[in-house]
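Colleague: Pasting the sequence and the predicted model now:
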Amino acid sequence: MSTIANKKLSSELKFVYSENGTLSVIFQNNDLLLGVVGEFNDNLKELEKITDTSIYSRGNSILIKSDNKKNELVKNAIKFLAEQFIINGTIEKKDIVSSVNKFMIDEKINSSKKNIEYIIKTPKKSVIPRSERQKQYVRSLKENDIIISTGPAGTGKTFLAVAVALTMLLEKKIDRIILSRPAVEAGERLGFLPGDMREKVDPYLRPLYDSLYDLLDFEKIQKRIEIGDIEIAPLAFMRGRTLKNSFAILDEAQNATDTQIKMFLTRIGENTKIVINGDPSQIDLPNKSLSGLHRSKKLLGHLKEISIVDFDHTDVVRHPLVSKIVKAYSDQNND
């Protein structure tokens, strides 16, 4: 937590412990209270469900009724959410999940100075790594030329990479962001699909647009796309190019063949970073053995310029049930 946020938070919140086991969080600022509680108490309901506690909003206070350990957990979660609201002016559902994550509570509240270097500041929000591996990933994105990351959906592979790329573009450290993914569902034969090129490929690239729009206003993203600062294209369009002063991200790389991944990696030019992301459990190729993601890690992992980051279910930052689902399927595949 920054010094300014820390001072502001300490003056805005007061904690009162009652003999009956109830912990009251008293807010001095009504806007902050409304931000933490959420519309129709939605944030409190979600926090209540995740922590299996009883949480009530009464006047200018939030009441927590559970055992001492859970009371402290919810107290720290509310402090975290209040800080998020002070810094960003809003609270998202994923912030509520992160608020009860031990790493975020311990690191963000008690050891915040160590996390400053990992915060990614974009025009719409500050992006904060939610786990140790996400911190390692952000560090690799800043320090390495090529990064290969694997792991299940919801671990932040694409979102964090796009956030770092967008920050570098806005700081004029690079000239262009290139976002790509294999259009496996169309068999890469886009000419057979109706519409112009953008209409053909947009459905397959929509997740990349979503990450951009979450970090920068729609109009500004569209302008950047129009002038060529941001390019979103299927993997097939990368052939024969040399990328200079660029940040290139290949998403859904588990659906790229060995040849395609080699082609994408060898596009690297001066002052360029290349990121390859994929989920080995989500291969859509007709022959799963054709996926080149695992082989690229095996062949290139020893090179010091290349960082390999492997995420697992503990890094999932969506609804906590997603992590449990991912783990269940992973355990089944390992049987």
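Modeller: That came in fine, so what should we check first?

Colleague: so where's the protein shaky on pLDDT?
Modeller: 1-8, 102-116, 184-204, 318-320, 333-335 (pLDDT under 70).

Colleague: try it again with 80
Modeller: 1-10, 101-117, 130, 183-205, 317-324, 326-327, 329-335 (pLDDT under 80).

Colleague: Can you give me the distance of the nearest residue to residue 153 once chain neighbours are set aside to residue 180?
Modeller: Of all residues not flanking residue 153 in the chain, residue 279 sits nearest, at 6.1 Å (CB to CB, 6 or more residues apart in numbering). For every residue, glycine as well, the C-beta is placed using N, CA and C. Using CB to CB, to the nearest Å, residue 279 is found at 16 Å from residue 180.

Colleague: Looking at those two now, which is surrounded by more residues?
Modeller: residue 180 (25 against 22; other CB atoms under 10 Å).

Colleague: Sheet-wise, list the partners of the helix or strand where the more buried one lies with their directions.
Modeller: Taking DSSP states H and E as the definition, residue 180 sits inside strand 176-181. If you go by DSSP bridges, strand 176-181 pairs up with strand 230-234 (parallel), strand 246-250 (parallel).

Colleague: what helices or strands is the helix or strand following the last one leaning on?
Modeller: Meaning strand 246-250. The first helix or strand that comes after strand 246-250 along the chain, using DSSP H and E, is helix 258-265. The contact analysis (3 or more CB pairs under 8 Å, 6 or more residues apart in numbering; DSSP states H and E) places helix 258-265 against strand 246-250, strand 273-278, helix 293-300.

Colleague: contacting residues around helix 258-265?
Modeller: Helix 258-265 is contacted from outside by 146, 180, 182, 235, 238-239, 248, 250, 253, 256, 274, 276, 290-293, 295-296, 300, using CB atoms under 8 Å, 6 or more residues apart in numbering.

Colleague: got the phi/psi numbers for the residue lying closest to residue 55 once chain neighbours are set aside?
Modeller: Nearest in space to residue 55, with sequence neighbours left out and distances taken as CB to CB, 6+ apart, is residue 48 at 4.5 Å. Reported as degrees, to the nearest 10, the phi and psi values for residue 48 are phi -60, psi -40.

Colleague: thought residue 48 was touching residue 56?
Modeller: No. Judged on CB atoms under 8 Å, residue 48 makes no contact with residue 56 at a distance of 9.1 Å.

Colleague: so how many other residues sit close to residue 324?
Modeller: Residue 324 has 12 nearby residues by other CB under 10 Å.

Colleague: That one: which element?
Modeller: Applying DSSP H and E as the criterion places residue 324 in helix 320-334.

Colleague: buried sites along that helix?
Modeller: Across helix 320-334, burial judged by 16 or more other CB atoms under 10 Å covers 322-323, 325-326.

Colleague: These: which two are farthest apart?
Modeller: Greatest spacing in these, by CB to CB: 323 and 325 (7.3 Å).

Colleague: Regarding this protein, what is its longest helix?
Modeller: As assigned by DSSP state H, the longest helix anywhere in the chain is helix 68-88.

Colleague: Output that helix as CSV, restricted to C-alpha atoms.
Modeller: Output in CSV follows, covering the C-alpha atoms of helix 68-88 (Å, rounded to 0.1, in the frame of the first residue of the first chain):
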residue,chain,number,x,y,z
ASN,A,68,-11.7,-14.6,15.3
LYS,A,69,-9.6,-16.0,12.4
LYS,A,70,-12.3,-15.3,9.8
ASN,A,71,-13.1,-11.9,11.3
GLU,A,72,-9.5,-10.9,10.8
LEU,A,73,-9.5,-12.3,7.2
VAL,A,74,-12.6,-10.3,6.3
LYS,A,75,-11.2,-7.2,8.1
ASN,A,76,-8.0,-7.4,5.9
ALA,A,77,-10.1,-8.1,2.8
ILE,A,78,-12.2,-4.9,3.5
LYS,A,79,-9.0,-2.9,4.0
PHE,A,80,-7.7,-4.2,0.7
LEU,A,81,-10.9,-3.4,-1.1
ALA,A,82,-11.0,0.1,0.5
GLU,A,83,-7.4,0.7,-0.8
GLN,A,84,-8.4,-0.5,-4.3
PHE,A,85,-11.3,2.0,-4.3
ILE,A,86,-9.0,4.8,-3.1
ILE,A,87,-6.4,4.0,-5.8
ASN,A,88,-8.7,3.1,-8.8
